[in-house]
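Enquirer: predicted model follows, preceded by the sequence.
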Amino acid sequence: MRPWTGPARIVLACFLCAPALAWAADPISFSADSVQASLAKDKEDTVLTGKARVKTGSISIAADRIELFGKDFTYLQCSGSVKVEDSDKKIALEAPDLYYDRTKKLLRAQGPSILQDEKNKLVLKAEWIESDSENEVTLAEIAVRIVKDKLACRSEYALYRRKDNILELTGAPSASKDGDDYSASRIVVNTDTDDIQLEGEVKGSVIEKAKASPAPPAPASQAPATAPPASPDKNEPAPEAGGPK
């Protein structure tokens with residue numbers, strides 16, 4: 001079938017009126033500078049280029065190019081400065097390339113990617129991130145870096161169970177908090193309390209925290225000095241010896 005091309009606003013009208021979308025997990029809408037689409041039943045395929053935008057449920061995606069394909073446009077393949085925002089979960093993601101399954105609410109980012117969890121004030125960086133929005137579980141691999149408040153972690157693999165406030169690190173993991181450094185075979189962090197649990201070959205380096213010096217004692221209040229006795233007036237005659245007669 002010859003693909004149809006035309007202004008984005010026309011394709012959007014056809015897209016939203018397609019009967020297949022009645023069974024989609026979430027409503028979906030899009031916009032772009034240019035669109036190429038094939039709307040054959042069960043073979044839907046739409047390519048958005050130039051300021052491509054897609055909105056489905058609580059998920060908003062922006063990229064240079066977005067391809068929607070599969071039955072009911074279930075799958076999205078995005079590339080070029082991809083930015084994702086989940087307004088319900090308060091999570092944002094940036095990546096060079098991204099795949100999204102609308103039915104499973106599963107996204108997979110490749111290349112240097114950054115996930116920001118606004119709720120827990122946590123930032124996760126990795127070369128590969130897979131996030132299950134439905135179950136709030138995120139996997140990260142290769143050069144994983146995590147920062148939260150005064151806590152910084154590194155590892156090759158990370159499992160973030162957001163509902164449980166648990167972050168599991170493996171693959172030469174290390175953590176730094178308030179100047180103290182830790183490493184182990186496995187590190188588990190409670191993202192709610194920032195408590196760190198070390199397992200396996202544990203190593204650590206703890207610096208002595210500076211203790212606050214006690215305040216010097218306040219000076220004792222000084223009693224007013226007693227005035228020295230007045231010197232006799234030189235013009236006043238001295239009393240005679242032997243006392244008064």
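Expert: Right, received. Where do you want to start?
Enquirer: quick check: domain ranges of the protein?
Expert: 1-95, 120-209 (automatic domain parsing).
Enquirer: among these, which comes closest to Ala109?
Expert: domain 1-95 (3.6 Å; C-beta to C-beta). From N, CA and C alone the C-beta is placed, and that goes for glycine too.
Enquirer: I'd say Thr138 and Asp132 touch.
Expert: Yes - look at Thr138 against Asp132 with C-beta atoms under 8 Å: they come within range, at 7.3 Å.
Enquirer: looking at the two, which is more packed in?
Expert: Thr138 (23 against 15; other C-beta atoms under 10 Å).
Enquirer: ok, the more buried one - contacts?
Expert: Neighbour list for Thr138: Leu115, Leu124, Ile129, Glu130, Ser131, Asp132, Ala158, Leu159, Tyr160, Arg162 [criterion: C-beta atoms under 8 Å, 6 or more residues apart in numbering].
Enquirer: low-confidence ranges, the chain, go.
Expert: Scanning the chain for pLDDT under 70 picks out 1-25, 42, 208-245.
Enquirer: how about the contacts made by Tyr160?
Expert: Leu124, Val137, Thr138, Leu139, Ala140, Ile166, Leu167, Glu168, Thr191.
Enquirer: before we move on, the earlier item: mind putting the domains of the chain into CSV with distance to Lys104?
Expert: Below are the domains of the chain laid out as CSV (distance: least, C-beta to C-beta, whole Å):
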stretch, distance to Lys104
domain 1-95, 9
domain 120-209, 7
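Enquirer: hey, what's Val82 bridged with?
Expert: Ala95 (DSSP bridges).
Enquirer: from what I can see it touches Tyr99, true?
Expert: No - using C-beta under 8 Å, Val82 is not in contact with Tyr99, being 10.0 Å away.
Enquirer: quick one, which of these two is more surrounded?
Expert: Using other C-beta under 10 Å, the more surrounded residue of Val82 and Tyr99 is Val82, with 27 against 17.
Enquirer: which SS class is Asp72?
Expert: Put simply, Asp72 is helix when judged by DSSP: H, G, I helix; E, B strand; the rest coil.
Enquirer: Asp164: neighbour count?
Expert: Neighbour tally, Asp164, other C-beta under 10 Å: 12.
Enquirer: now it: phi and psi?
Expert: phi -90, psi 0 (degrees, to the nearest 10).
Enquirer: tell me what Ala63 is bridged to.
Expert: Ala52.
Enquirer: in contact with it, which residues?
Expert: Ala63 makes contact with Ala52, Cys78, Ser79, Gly80, Ser81, Val82, Lys83, Leu98, according to C-beta under 8 Å, 6+ apart.
Enquirer: now do Lys163
Expert: Asn135, Glu136.
Enquirer: check which helix or strand covers it.
Expert: Using DSSP states H and E, Lys163 is not contained in any helix or strand.
Enquirer: how near is it to Ala62?
Expert: 27 Å (C-beta to C-beta, to the nearest Å).
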